[in-house]
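Undergrad: attaching a predicted model along with its sequence, questions to come.
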Amino acid sequence: MFVDRVRVVARAGNGGPGACSFLREKNMPEGGPDGGNGGRGGSVILIVDPHVNNLIRYRYSPHQFARNGDHGGKKQMSGKSGADCLITVPPGTVVSRIPDHLIAEKARPSETDLGHLPQDSSQLEPVADLVKPGERLVLCAGGRGGRGNMNFKSSTNQAPRRYEEGEEGERGQFQLELKSIADAGLVGYPNAGKSTLLSRLSHAHPKIAPYPFTTLEPMIGVVEYPDFARVTVADIPGLIEGAHEGVGLGHEFLRHIERCRILLFVIDMAGSEGRDPRDDFTQLRKEISLYQKELAERPYHIIANKMDLPEAAENLKKFERRVRRKTIPIAGDKNEGLDRLKEVLRKELAAV
């Protein structure tokens, strides 16, 4: 199961209270104050881990709490600091704070609570965009430990009984949203052959079947070259008309191509689904533009797939006359044209 958006309730640990104590030993029956400081509360920390590819762990464990600091002790002993709560997230995770007025009372942060989250991300408070492996973010800082009574000794107060309680740790509710990182993104209608193409270009193993919406979650494959160069390609579920408004699966997964440097429009040039390839391309460009104008301005190539089928050659001529742009003809099932595609892909990425 692929999960790319979750709500997390984070709470850092409270600082431990300081101690009120006086030294009492055999030769010092009336020693001075020796109460130690409380330990610092643990923090909730996000860590980018390249070996993690989704957020499913936090869908079923949304409460992420750090430990409180221990009490200060006698003989000026400080309390132990609370353990940090470490949250590993994949590269490309966008962190946003959910304002208090958007949180339903007594709502549990389970999968059903995603409906309480605003679909418009502008209502959230941006916190960070975590991209680099190993990057760390303190989501909620732990509270400082309280001072023990040894800190309040003075020339006029030799036996203070004053000490401090620890500070409360920070807390809040946050949305974690994954936007996959890939060099190129495959965009096309359902059953256009995107998954087959990805499986031929890389070692990825997406589900392939002769019916629409076989792909139900984003898939990233790595294209390897003889000189050990590597290019990552993302395949998202097929788009249909109205995808930018949430029709089909487009709204949930279009975010995964936002970071792609180039787009690859995969067109069923044979029209095997009864559609005109020229209309398919026009509609795909429209959906991308309506979803995000900047994304529509990104460099792109057109892949004319299924060229081994009847009518594909004739359709290709009409297609290129209408769009006035050269395509890359391939037959994914038969591995035809893939070498040229890999060369174009590498050359294009080197230029952007």
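TA: That came through fine.
Undergrad: and the lowest mean pLDDT element among the helices and strands of the chain?
TA: Ranking every helix and strand in the chain by mean pLDDT, DSSP states H and E puts helix 250-253 at the bottom, with a mean of 58.
Undergrad: what sits up against the helix or strand following that helix?
TA: Sequence-wise, the next helix or strand downstream of helix 250-253 (DSSP states H and E) is strand 262-268. Outside of strand 262-268, the residues within contact range by Cβ atoms under 8 Å, 6 or more residues apart in numbering are 183-189, 191-194, 197, 233, 257, 275, 277, 280-281, 284-285, 288, 295, 298-306, 319, 327, 345, 348-349, 352. All C-beta spots, glycine's among them, are computed from the backbone N, C-alpha and C.
Undergrad: I'd like to know how many residues surround residue 9.
TA: Residue 9 is flanked by 18 other residues according to other Cβ atoms under 10 Å.
Undergrad: host element of it?
TA: Judged by DSSP H and E, residue 9 forms part of strand 5-11.
Undergrad: and that strand, what's its mean pLDDT?
TA: In this model, strand 5-11 has a mean pLDDT of 93.
Undergrad: given that strand, what are its sheet partners and their directions?
TA: The pairing partners recorded for strand 5-11 under DSSP bridges are strand 63-65 (parallel), strand 171-178 (antiparallel).
Undergrad: and those, which is most packed in?
TA: Stretch with highest mean neighbour count among the strands paired with strand 5-11: strand 171-178 (a mean of 21; mean count of other Cβ atoms under 10 Å).
Undergrad: could you export the strands paired with strand 5-11 as JSON lines, including mean pLDDT and distance to residue 30?
TA: As requested, these are arranged in JSON lines below (pLDDT from 0 to 100; distance: least, Cβ to Cβ, whole Å):
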{"stretch": "strand 63-65", "mean pLDDT": "96", "distance to residue 30": "43"}
{"stretch": "strand 171-178", "mean pLDDT": "93", "distance to residue 30": "43"}
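Undergrad: rebuild those strands as TSV, extending it with distance to residue 92.
TA: Converted to TSV, these look like this (distance: least, Cβ to Cβ, whole Å):
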stretch	distance to residue 92
strand 63-65	20
strand 171-178	6
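Undergrad: which of the contacts of strand 262-268 are buried, as a PyMOL select command?
TA: Buried residues within these, by 16 or more other Cβ atoms under 10 Å, are selected in PyMOL with:
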select buried, resi 183+184+185+186+187+188+189+191+192+193+194+197+233+257+277+280+281+284+285+288+295+298+300+301+302+303+304+305+306+319+327+345+348+349
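Undergrad: assign a three-state SS to residue 53, would you?
TA: When classified by DSSP: H, G, I helix; E, B strand; the rest coil, residue 53 comes out as coil.
Undergrad: any idea what sits nearest it, other than its immediate chain neighbours?
TA: Nearest residue to residue 53, sequence neighbours excluded (Cβ to Cβ, 6 or more residues apart in numbering): residue 90, at 5.3 Å.
Undergrad: contacting residues around the one you found?
TA: 48, 49, 50, 52, 53, 54, 55, 178.
Undergrad: among those, pick out the one closest to residue 172, please.
TA: The closest of those to residue 172 turns out to be residue 55 (Cβ to Cβ; 17.4 Å).
Undergrad: I figured the closest one hits residue 176, correct?
TA: Yes: using Cβ atoms under 8 Å, residue 55 is in contact with residue 176, at 5.6 Å.
Undergrad: what is in contact with the two at once?
TA: Joint contacts of residue 55 and residue 176 (Cβ under 8 Å, 6+ apart) are 5, 6, 89, 93.
Undergrad: and these, which two are the farthest apart?
TA: Spanning the widest gap among the shared contacts of residue 55 and residue 176 are 5 and 89, at 12.0 Å by Cβ to Cβ.
Undergrad: shaky segments in this structure?
TA: For the chain, the stretches with pLDDT under 70 are 1-2, 104-121, 204-217, 238-253, 352.
Undergrad: for it, which segments count as strands?
TA: Applying DSSP state E to the chain gives strands spanning 5-11, 44-48, 63-65, 85-89, 93-97, 125-130, 136-140, 171-178, 184-188, 219-224, 230-235, 262-268, 300-305, 328-329.
Undergrad: ok, which stretches of the stretch 1-150 of the chain are helices?
TA: Assigned by DSSP state H, counting those that start in this stretch, the helices in the stretch 1-150 of the chain fall at 57-60.
Undergrad: show me what contacts residue 31?
TA: Contact analysis of residue 31 by Cβ under 8 Å, 6+ apart lists 22, 23, 24, 25.
Undergrad: what about residue 30, neighbour count?
TA: By other Cβ under 10 Å, neighbour count at residue 30 equals 8.
Undergrad: and the gap between residue 37 and residue 73?
TA: 9 Å (Cβ to Cβ, to the nearest Å).
Undergrad: and if you look at residue 320?
TA: Distance from residue 320 to residue 73, by Cβ to Cβ: 80 Å.
Undergrad: ok, now residue 291?
TA: From residue 291 across to residue 73, the span is 59 Å (Cβ to Cβ).
Undergrad: over to residue 14?
TA: For residue 14 relative to residue 73 (Cβ to Cβ), the value is 17 Å.
Undergrad: lovely, talk soon.
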